[in-house]
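> build me a model:
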Amino acid sequence: MLGLALCLFCLMPGKAQAQTPSPLSEWQYSAGVLLRSKFENPLPTWDVSVGAATSLQPRYVGSSEYHVQPGINLDVRYKDIAFFSMGEGLGVNLLRGENFRAGVALGFDVGRDQDDSSQLHGLGDISPAPEAKVFAEYTIFPVVLRTAARRGFGGNHGWVGDVSAYLPVAGSERFFVFVGPTATYADSSYMRRYFGINPNQSIRSGYRQYTPGSGFSSAGFGSSAVWFWTEHWFMTADGAYQRLLGDAADSPITRAHSQLTLNLSVAYRF
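Below is the predicted model:
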């Protein structure tokens, strides 16, 4: 495993994916970044990749219907200090060490449009809004443990927390794969906004009133693969399975407890 990991992280790019409302695991947006710093010292001053991506995902969290959504793939990193990507947002690593990092980031919650599915008619829109995030990662080589908490400002005003772990399982100098589990906890404000039905919504939609509480909303498993076919061009493939739990699973708008996502992207690393 040690020899494999050394091979993996020599070429590990900053992970980037299209920003989409999908059940991708939190760690999949930055897989391998912390481990890379252990084997590439010093890190390059600038690390930039840009490309195109597409995602097959549920129309909303809890939907049984799927659609394809295109997006862009952009990842910019300045040393081990600052970063910007479509998945992680704009952030700074405030604490950094050989085996850990912690920081803050400003991201974006894309919200939800009631026209996305006939199952949402009468519920109104959840407006897109910024969200603040704090995160921390710690390596017990080769496993990376990650936790993150984020709060929306405008769309839901709720807190969401993720705990996850991942590790490399296969690879060569140009191809490598990471896998790992994740679990998500949401407070009552977030749960009511995305899974609840208030009296007005009940009248307009025909759903029964429903007031979910805080708790674990989902648990799942993800995998991320990267393939460099030249020194600069690479392809990523990300898959995620999410199982809705508790009050999220019991919501009147939940049509499928199991949620799947597949992201594919092609990018150029400068």
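
> so residue 113 sits right up against residue 125, yeah?
Yes: here residue 113 reaches residue 125: they are 5.3 Å apart, a contact under CB atoms under 8 Å. In short, each C-beta sits where N, CA and C put it, glycine included.

> more neighbours, these two?
residue 113 (16 against 13; other CB atoms under 10 Å).

> contacting residues around the more buried one?
120, 125 (CB atoms under 8 Å, 6 or more residues apart in numbering).

> what pLDDT does it get?
On the pLDDT scale, residue 113 is placed at 94.

> can we start the residue count at 875 from this point?
All set: I'll call the first residue 875, so the last point we hit is now residue 987.

> how close does it get to residue 997?
10 Å (CB to CB, to the nearest Å).

> what does residue 988 give?
5 Å.

> between the two, tell me which one has more neighbours.
Set residue 988 next to residue 997 and count neighbours by other CB under 10 Å: residue 997 wins out with 21 against 18.

> may I have the phi/psi pair for that one?
phi -90, psi -10 (degrees, to the nearest 10).

> what of residue 1061?
phi -80, psi 170.

> how close does it sit to residue 1004?
Counting by CB to CB - residue 1061 and residue 1004 are separated by 18 Å.

> residues contacting residue 1034?
So residue 1034 contacts 1023, 1024, 1025, 1058, 1059, 1060, 1061, 1064, 1091 (CB under 8 Å, 6+ apart).

> against residue 988, how distant is it?
Taking CB to CB, one finds residue 1034 at 21 Å from residue 988.

> repeat that for residue 1036.
26 Å.

> can you pull out the strands in the stretch 875-1024 of the chain?
With DSSP state E, counting those that start in this stretch as the criterion, the stretch 875-1024 of the chain has strands at 920-932, 940-952, 956-959, 963-970, 974-983, 1003-1014, 1017-1026.

> so which bits of the fourth one are buried?
Buried residues in strand 963-970, counted by 16 or more other CB atoms under 10 Å: 963, 965, 967.

> the second one too?
Buried residues in strand 940-952, counted by 16+ other CB under 10 Å: 940, 943, 945, 947, 948, 949, 950, 951, 952.

> now, which of those residues sits nearest residue 1070?
Relative to residue 1070, the closest of these is residue 940; by CB to CB it sits at 23.7 Å.

> so who does the closest one touch?
Going by CB under 8 Å, 6+ apart, the list of residues near residue 940 reads 930, 931, 932, 933, 1134.

> name only those of those that count as buried.
931, 932, 933, 1134.

> from residue 991, how far out is the residue nearest to the last one when sequence neighbours are not counted?
This points to residue 1134. Take residue 1134 and drop its neighbours on the chain: the residue closest to it by CB to CB, 6 or more residues apart in numbering is residue 1115, 5.8 Å away. According to CB to CB, residue 1115 and residue 991 sit 21 Å apart.

> coming back round to it: right, and the residue nearest to residue 1134 touches residue 1096 too?
Yes: between residue 1115 and residue 1096 there is a contact at 7.4 Å, judged by CB under 8 Å.

> compare the two (neighbour count), which wins?
Legend: neighbour count by other CB under 10 Å for residue 1115 and residue 1096, higher for residue 1096 (24 against 17).

> wasn't the more buried one part of a helix?
No: counting by DSSP: H, G, I helix; E, B strand; the rest coil, one finds residue 1096 to be strand, located in no helix.

> and it, what are its bridge partners?
Taking DSSP bridges as the rule, residue 1096 bridges to residue 1054, residue 1114.

> got any ranges where the protein has weak pLDDT?
875-897, 911-915 (pLDDT under 70).

> residue farthest from the centroid of it?
residue 1077 (33.9 Å; CA atoms, centre = their mean).

> contacts only, for it.
So residue 1077 contacts nothing (CB under 8 Å, 6+ apart).
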